[in-house]
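Colleague: the sequence and its predicted three-dimensional model are supplied below.
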Amino acid sequence: MHHISCLEPDVRQSLLSNLGLENLPRNVYYGDGSPIEDSVMAEIGAAYQQAQVSFPWQQRDLLMLDNMLVAHARNPYQGDRKIVVAMGAMNSEQ
């Protein structure tokens, strides 16, 4: 999921004029369905930047994380990469 404020201005405007805010694919909203303000997303982005952890990758490195506890992304890279995904019990009633 992404917020429209993350898009380049010309892409954002094109999507809004063609689809309207309510029909944007993969846009995020508050839990009640109301739009999240750009200023709030800017604050969230700043918090992510402040909490960011980065390290140099080496060939054959492996990363394991709990997708429910950790926000994650990747930086641009060159070359091939192999993605191996295993998913377990994603949510528990207990």
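Modeller: Okay, I see it. Quick caveat, the model's predicted, so the values are computed rather than measured.
Colleague: please count neighbours and contacts with C-alpha atoms only from this point.
Modeller: OK.
Colleague: pass me the low-pLDDT residue ranges in the chain, would you?
Modeller: 1, 90-94 (pLDDT under 70).
Colleague: which parts of it are helices?
Modeller: Counting by DSSP state H, the segments of the chain that form helices are 9-19, 38-51.
Colleague: redo these as JSON lines? Include mean neighbour count and distance to Asn67.
Modeller: Output for the helices of the chain, formatted as JSON lines (neighbours: other CA atoms under 10 Å; distance: least, CA to CA, whole Å):
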{"stretch": "helix 9-19", "mean neighbour count": "12", "distance to Asn67": "28"}
{"stretch": "helix 38-51", "mean neighbour count": "12", "distance to Asn67": "16"}
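Colleague: nearest to His3, of those helices?
Modeller: Closest to His3 of the helices of the chain is helix 38-51 (CA to CA; 7.7 Å).
Colleague: how far does the closest one sit from its chain's centre?
Modeller: 12 Å (CA atoms, centre = their mean, to the nearest Å).
Colleague: how about the CA coordinates for it, as PDB?
Modeller: This file holds the C-alpha atoms of helix 38-51, laid out as PDB (Å, rounded to 0.1, in the frame of the first residue of the first chain):
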ATOM      1  CA  ASP A  38       0.000  14.700   3.100                       C
ATOM      2  CA  SER A  39       1.400  16.500   6.200                       C
ATOM      3  CA  VAL A  40       0.700  13.400   8.300                       C
ATOM      4  CA  MET A  41       2.400  11.200   5.700                       C
ATOM      5  CA  ALA A  42       5.400  13.600   5.800                       C
ATOM      6  CA  GLU A  43       5.600  13.200   9.600                       C
ATOM      7  CA  ILE A  44       5.400   9.400   9.200                       C
ATOM      8  CA  GLY A  45       8.100   9.400   6.500                       C
ATOM      9  CA  ALA A  46      10.400  11.500   8.800                       C
ATOM     10  CA  ALA A  47       9.900   9.000  11.600                       C
ATOM     11  CA  TYR A  48      10.700   6.100   9.300                       C
ATOM     12  CA  GLN A  49      13.900   7.900   8.200                       C
ATOM     13  CA  GLN A  50      14.900   8.600  11.800                       C
ATOM     14  CA  ALA A  51      14.400   4.900  12.800                       C
END
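Colleague: kind regards, and thank you for your time.
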